[in-house]
Each structure stands twice: as C-alpha cells, then as structure tokens.
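Peer 1: I would like to see how this sequence folds:
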Amino acid sequence: MKAWFKRRFKAPKKPAYYFAHIPKTAGTSFIVLLDRFFPARSIFPQQLWREVGDIEAVKAQDYQLFRGHFGGGGAQLLSDRNLQNLTILRHPVELAYSTYQYVKREKNTVVYDLVHNEQLSFEDFLSHPKTAPLVSNRMVRNLSFDFVEDATAQEVFLSPQTVAYLQPLISKSQQPLTDSQRLQRAKNYIDQCFWFGMLERFDDAMRLLSYRLVAPAIGKTQKLNKLKNRPVLSDTARQRVLSLNTEDMRLYEYADNAFSRKYNDMLKAIGGDELMTDYELDHLLDQYYRENHLRFYSHKLQEVVNFTAADALWGQQWHRREWIGDEQSYFRWSGPGEVSSLDFWMQAKDYEIQIAIINALSSDWLDNLRIQVNEQQVKWHSDDQGVVRTLTLHCPKNLIAANGLLRLAFHSQDLVSHAQAFGSDDNRLVGFALKWVKIKP
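Peer 2: Numbering: from 1, shown residues only. Prediction:
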C-alpha cells in the first residue's frame, strides 16, 4: 500500500527544454551557448526528424534538452515531460537573404543546381516558383507546425520508424490552416515561451537568457560565418520579401515589442537601465546569479568535485564540447575572451584543486596562464612540461565566498584562432583545452 501511494502521488517530472531552431537564425551558434547548461548525456543528439528513429526509445532516455528543426509543436512527441520552449526570430528581409546565400554555397540543398545553372539573382530567387517558398513566412510556419493541428505547415522528412509511429496522428490531421490562423498560433507560441530572442539584438537576448536561467552572463561571443561585405539590397528585392512574408513581418513586430518588454522587466529586476555599458549590465547579472542560483536550482554546497567537460558548465568564455574518440571523453577550448571562468558551490574548507589541460597555444603561452579564485590570484604548479599538463593549486577556505561560490578564473593573453595556431579551418579564438577539474579537501 505504501509503495502504491508513493507511485500514485509522486512529484511530476521537471520540464525539459526545447529550442525550436528556425533555419538561418543563428541557431547553430546559439546551441553552443545553450548546451553548456546541460550534461552531455541529457541532450538529445539528433536535430532533424529524419534522424529520430524510434520515438519510444527516445522517450525512454528522458532527455532534459531538445534542440533542432522539429517545429514549434513537434518536439513534444519526443518527451513525456512538459517542454519549456525557446526560439530565435530574425527580420524577414535578413532571413530571406541569408537563406539565398546558404543555398548558393551549400551543394546539398535541393535547389542548388537550379540557382547556379540559371544564375538566379536574389530578386530572381524571390520570384522563381521553386525557390520563393523557401523564403515565405518561414518563422510562422515553423512555430505553427505540429503533427495534429498543422502538419502541413512545412515539409518534414521522416525516418520509416518515425512514420509508422506518427501515421495515426497525421491521418487525423485537420484541413490546412489559413495564414492568419498560423500567425495566431505562432503568436501564442511566443507568448508561452520560456525565452525567445531577436537575432538583431543578440547580445541583449543572451543577457535575458542568463537572467531566465539564473546563470552567469554569457559575455563575449564570436560571430562566425557572418557576411563581412553584405550588398545593399534593392528596393524591389526588399518589397518582394515583404510581400512574401506578411505574416512573418507581423510576427516579428509582435515579438520585437514583447522582447523589449521582457528585457526592460529584466533591467528593472536587476537594478539596471538601458544607458549602462555591457560591463555594468553583466556585473549586475552576475550579482543576481550569485544571490539566486542556489535557491533556483536547489543545489547543495559540495566538498568534493569531479568536473569534466561532459558536465553542465556554469561560467564564461568556453567553446563547444569536443569529443576525444580514443579516450571516450570531452574537452573544451577556452575563448573567445581572455578570461574564462568556472563556478563551483563549496563548503567552507581548505581545498586542493587539480586542472587537466590537454592542449594550449604553446608551452610558453601556458607558462604565463594566471589563475584566480574569487578574484584573488593563486599560484599553481605542475610536474609536467609542454602543453599537456595537470595543474595543482591550493585554495584556503577564506577565499570561498560566504554563499559558497568558488570561482576559478583563467587569465590569458594573446588568444589566436585555432586555424592560425594549428593549421585547421577553425576560426575560433582559443587559448587552452580543458578536460577536467578535481576539487577535494
């Protein structure tokens, strides 16, 4: 009877998170920032419907984060948890032009040959019957989509296993919705989002994300794959885009106003204003995070830490996780800023800290790495030489903050691109590659 009672009244699962990735809205760059807040094992790895396969097997994994091109309502089928939704919107004119540029350079797109064989200009691209649908109300169609009420909002390519699972749902679908109905569904989606951002206000959006997640400010980000010399669009092209995107433009304006309200509410909550510098705003966000993080996540103060790059990361200035196949483990490069940090919440004790570094720009560069604990510089030593080292340092308990925060900050200078340092095609600014951190009394 007691076991039955516990099963009957057990607490509901916490919601999972879902980032609805609308193509060409900087979603790939954003995912790198979002993933850090979740352990690698808790993130659903696939991002396209044709890669999903057995949905029941996906549900059984009980992932905490989904991100990809699953449409606004589609991803709910992948989890038994309720979903906290996130997305990014972009001005329809910029979105259309970015789509055109993507098609021109990506040979795997369906219309790549058409665009090159007929030498379609951007204006031609907006008018051709085979390409115009690619730049028509894409945001509204993405956010409105699900498999029951609006399965025809966009083309979806499914694996055979997924088709079999979804066929009963798809067969019950209603008649296609009108553009105005889809617009209203997209607006409703924005209204209930845990967070959404506007690409044209990317840095503001990242601050709002940090606030919502009670996380350290994202800080400096590196804008990769951004057009350096964007041509001036003709009035004809601009008008064609707007005529193809009546609903998207209305959604964008609606979301832009809503974003401004949410951002201003955040400023008020942290004691900031729009005249403050980036540094001042990030400082206020950090104060908010320090005061509220433990309560928001119900964390307990630790006395032993075995952190790896596979774990959730609370800190600043780290690149994406990268996999070492031979060792079956992850690492992260520091950057693009010159101060990378990691936060741990510790009991007030004296600690020994070990830090595994598996690569760096050079041995001499690594020799000059400075480490601080809560803004106090500490000395480190290592028995190793070269760029693969385990660093050891001591942290006396008087350096631990009153609320338990132990912030490791790595100060480095003269970061360069991975391409310049190692002859790759990777233009990220990097310093050293971190594998793990161990803290013990």
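Peer 1: outline the domain layout of this protein.
Peer 2: 9-263, 305-440 (automatic domain parsing).
Peer 1: indicate which one of those is closest to Leu284.
Peer 2: Smallest distance to Leu284 across these (C-beta to C-beta): 8.9 Å, for domain 9-263. Any C-beta I mention is one placed from the backbone N, CA and C, and that applies to glycine too.
Peer 1: thinking again about what came up before, tabulate the domains of the chain (a markdown table), appending mean pLDDT and mean neighbour count.
Peer 2: Output for the domains of the chain, formatted as a markdown table (pLDDT from 0 to 100; neighbours: other C-beta atoms under 10 Å):
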| stretch | mean pLDDT | mean neighbour count |
| --- | --- | --- |
| domain 9-263 | 92 | 17 |
| domain 305-440 | 97 | 17 |
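Peer 1: by contact count, what packs against the lengthiest helix in the chain?
Peer 2: Determined from DSSP state H, the single longest helix within the chain is helix 246-270. Counting contacts by 3 or more C-beta pairs under 8 Å, 6 or more residues apart in numbering; DSSP states H and E, helix 246-270 packs against strand 83-89, helix 92-105, helix 138-144, helix 179-192, strand 195-198, helix 202-213, helix 278-297.
Peer 1: give the pairing partners of the shortest one; include direction for each.
Peer 2: Strand 195-198 has the following sheet partners, assigned by DSSP bridges: strand 83-89 (parallel).
Peer 1: just to revisit the earlier point, return the distance of the longest helix of the chain from the chain's centre.
Peer 2: Distance, stretch centre to chain centre, for helix 246-270: 19 Å (C-alpha atoms, centre = their mean, to the nearest Å).
Peer 1: just checking, Pro441 touches Ile353?
Peer 2: No - taking contacts as C-beta atoms under 8 Å, Pro441 lies outside contact range of Ile353: 11.0 Å.
Peer 1: residues contacting Phe259?
Peer 2: Phe259 makes contact with Phe196, Gly197, Met198, Arg201, Asp204, Ala205, Leu208 under the criterion C-beta atoms under 8 Å, 6 or more residues apart in numbering.
Peer 1: not counting sequence-adjacent ones, nearest residue to the first one?
Peer 2: If I follow you right, that is Phe196. Leaving out its chain neighbours, the residue that sits closest to Phe196 by C-beta to C-beta, 6 or more residues apart in numbering is Thr87, at 5.0 Å.
Peer 1: run through the bridge partners of the closest residue to Leu209 other than its chain neighbours.
Peer 2: In this structure, Leu209 finds its nearest non-sequential neighbour in Trp195, 5.4 Å apart by C-beta to C-beta, 6+ apart. Beta bridges link Trp195 to Leu86, judged by DSSP bridges.
Peer 1: right, and Trp195 touches Ile88 too?
Peer 2: No - using C-beta under 8 Å, Trp195 makes no contact with Ile88, being 9.5 Å away.
Peer 1: could you list the residues in contact with stretch 230-250?
Peer 2: Residues contacting stretch 230-250 (C-beta under 8 Å, 6+ apart): 92-93, 95-97, 122-123, 126-127, 132, 135-140, 179-180, 182-183, 186.
Peer 1: what sits closest to Ala205 if chain neighbours are left out?
Peer 2: Gly197 (2.9 Å).
Peer 1: in contact with the one you found, which residues?
Peer 2: With contact set as C-beta under 8 Å, 6+ apart, Gly197 has these partners: Phe30, Thr87, Ile88, Leu89, Asp204, Ala205, Met206, Leu208, Leu209, Phe259.
Peer 1: picking up where we left off before, farthest pair within the contacts of Phe259?
Peer 2: Farthest apart among the contacts of Phe259 by C-beta to C-beta are Phe196 and Asp204. That separation is 12.0 Å.
Peer 1: so how far is Phe410 from the residue nearest to Phe196?
Peer 2: Here the criterion is C-beta to C-beta, to the nearest Å. By it, Thr87 lies 33 Å from Phe410.
Peer 1: quick revisit: okay, the helices and strands packed on helix 246-270 in JSON lines with distance to Gln316 next?
Peer 2: Listed next are the helices and strands packed on helix 246-270 as JSON lines, based on distance: least, C-beta to C-beta, whole Å:
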{"stretch": "strand 83-89", "distance to Gln316": "20"}
{"stretch": "helix 92-105", "distance to Gln316": "28"}
{"stretch": "helix 138-144", "distance to Gln316": "30"}
{"stretch": "helix 179-192", "distance to Gln316": "28"}
{"stretch": "strand 195-198", "distance to Gln316": "18"}
{"stretch": "helix 202-213", "distance to Gln316": "10"}
{"stretch": "helix 278-297", "distance to Gln316": "9"}
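Peer 1: to Phe331, which of those lies closest?
Peer 2: It is, among the helices and strands packed on helix 246-270 and with distance given as C-beta to C-beta, helix 202-213, at 23.5 Å.
Peer 1: from Asp203, how far off is Ala26?
Peer 2: Ala26 sits 12 Å away from Asp203, taking C-beta to C-beta as the criterion.
Peer 1: and if you look at Leu366?
Peer 2: In terms of C-beta to C-beta, Leu366 sits 31 Å off from Asp203.
Peer 1: swap in Pro176?
Peer 2: With C-beta to C-beta as the criterion, Pro176 and Asp203 are 38 Å apart.
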